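Engineer: predicted coordinates and the sequence they were generated for:
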Amino acid sequence: MLGVATVCLPKINDPEKPPNPDCKICEGFGWVCENHPNLPFDHGDGCGGAGDPCICNHLYEHKSISFHCEHCTHKITSYEPLPDSMPCPNCDRRIDLK
C-alpha cells in the first residue's frame, strides 16, 4: 500500500547520510511505523501510523533516559527505544522497563 507519505518520506533522507540498506527494522527504507516502531513504515496492515525515523536514519534523535535499578539503586542511562527489560550493569538482575 503506497500512500502520499510513503512517496514523500524518502525525499528528506540525506543522500550523503543514507539509511543502512541492511537494517532489519526498516528494511533499508529509513522509516518505521509510529505505532509499530519495530516494523517498516509501510508494513501493510493498514494501522495508519505516521512514519518515524528509524535508528539507522540520520534524522533519528537519540533521547537519553536515566533511572535507578530497583534492586541495587545503581543509576542507569539508556537510550530510546528502550527494550521491555534489561539487566542492570551493576547487579545483573533484570529490570522491567515497560
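Structural biologist: Received the coordinates, thanks.
Engineer: wasn't residue 92 part of a strand?
Structural biologist: No - secondary structure of residue 92 (DSSP: H, G, I helix; E, B strand; the rest coil): coil, not part of a strand.
Engineer: count of residues packed around it?
Structural biologist: Neighbour count for residue 92, taken as other C-beta atoms under 10 Å: 10. Backbone N, C-alpha and C define where each C-beta goes, glycine included.
Engineer: separation between it and residue 42?
Structural biologist: 40 Å (C-beta to C-beta, to the nearest Å).
Engineer: where does residue 86 land in three-state SS?
Structural biologist: Secondary structure state of residue 86, per three-state DSSP, is strand.
Engineer: quickly list the domain ranges of this protein.
Structural biologist: For the chain, automatic domain parsing gives the domain ranges 1-60, 64-96.
Engineer: where along the chain do the strands fall?
Structural biologist: Counting by DSSP state E, the chain has strands at residues 31-33, 51-53, 64-68, 75-79, 85-87, 94-96.
Engineer: which of these sits most buried?
Structural biologist: Ranked by mean neighbour count under mean count of other C-beta atoms under 10 Å, these are led by strand 31-33, which reaches a mean of 25.
Engineer: who are the packing partners of that one?
Structural biologist: Contacts defined by 3 or more C-beta pairs under 8 Å, 6 or more residues apart in numbering; DSSP states H and E place strand 31-33 against strand 51-53.
Engineer: given the strand it packs on, what are its sheet partners and their directions?
Structural biologist: If you go by DSSP bridges, strand 51-53 pairs up with strand 31-33 (antiparallel).
Engineer: how far does the partner strand sit from its chain's centre?
Structural biologist: Distance of strand 31-33 from its chain centroid, counting by C-alpha atoms, centre = their mean, to the nearest Å, is 8 Å.
Engineer: any idea of the mean pLDDT for it?
Structural biologist: The average of the pLDDT scores along strand 31-33 is 87.
Engineer: stretch 50-69 too?
Structural biologist: 77.
Engineer: can you give the distance of it from its chain's centre?
Structural biologist: Computed by C-alpha atoms, centre = their mean, the separation of stretch 50-69 from the middle of its chain amounts to 6 Å.
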